[in-house]
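1. Based on what follows, work out the 3D shape:
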Amino acid sequence: MGRAARKPIESTAQTTDSDGAEQSTPLVLNGQTRGKFVLFGIPAAERVEDGPVMRGLLETDAGKINVAGWKKIGRDSGAEYLSLKVGNTKPRPADASKDTPEEWVVGPFYGRLFKEVKARDDQPAKVRYFGFIEDSVKVGEDESTGKGVYRQNWQLQIGAKPDESHDGKTRYINGTAHPAGAKADDSGAESLPF
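-> Presented below is the predicted three-dimensional model:
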């Protein structure tokens with residue numbers, strides 16, 4: 001059973017216009033979204049079995065969208081990565097049973113975040129993170145490998161690095177999400193073709 005395509009506009013965020021009046025802005029997560037991407041480690045004492053090891057936000061001009069990351073190991077490569085789940089849910093009513101499914105107002109969308117460590121002889125290792133968030137639908141299964149075949153509706157690229165709070169107490173992953181194939185910062189010099 002495949003994932004159904006999600007509507008890109010599914011929620012609204014309250015903002016204030018220049019006159020101070022509140023207005024609703026559609027919260028959009030689609031292939032044109034740009035935003036700040038931040039993930040914080042969940043303390044070991046707060047983690048649940050088979051739960052995420054990191055959580056954070058994708059902050060866009062229209063609002064904030066929750067992100068959670070589970071540590072996984074690649075089947076073929078053996079490399080560690082974070083499996084991402086991105087989206088916002090409505091709070092469950094107090095009278096709902098715990099078996100009541102969450103109602104998604106944005107998403108859920110899925111992605112992956114990989115860690116790249118480059119070491120040079122005379123410098124400390126440099127750590128970078130790269131990955132994606134996408135909306136895709138399972139359309140079949142590859143008979144030779146047994147893996148799912150997916151049609152991608154859209155994809156955002158993530159570029160990030162480790163960072164530390166100003167007081168030095170909190171370490172986190174900090175970066176950007178932008179349309180696949182687009183530069184993260186359009187103000188820079190012209191990019192190289194490869």
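
2. and the strand ranked longest in the chain, which residues are buried?
-> The strand that spans the most residues within the chain, counting by DSSP state E, is strand 123-141. For strand 123-141, a neighbour-count test (16 or more other Cβ atoms under 10 Å) marks Tyr129, Gly131, Phe132, Ile133, Glu134, Asp135, Ser136 as buried. Placement of C-beta: from N, CA and C, glycine included.

3. which of these lies closest to Thr145?
-> Distance to Thr145, by Cβ to Cβ, is smallest for Ser136 among the buried residues of strand 123-141, at 17.0 Å.

4. quick one: contacts for that closest one?
-> The contact partners of Ser136, by Cβ atoms under 8 Å, 6 or more residues apart in numbering, come to Arg3, Tyr110, Tyr150, Arg151, Gln152, Asn153.

5. Quick check: the gap between it and Val67.
-> As judged by Cβ to Cβ, to the nearest Å, Ser136 and Val67 stand 17 Å apart.

6. didn't Ala180 look like it was pressed against Gly159?
-> No - the criterion here is Cβ atoms under 8 Å, and Ala180 misses it with Gly159 at 11.6 Å.

7. Comparing these two, which residue is more hemmed in?
-> Using other Cβ atoms under 10 Å, the more surrounded residue of Ala180 and Gly159 is Gly159, with 16 against 13.

8. Test my guess that that one contacts Phe132.
-> No - if you go by Cβ under 8 Å, Gly159 and Phe132 don't touch, sitting 10.3 Å apart.
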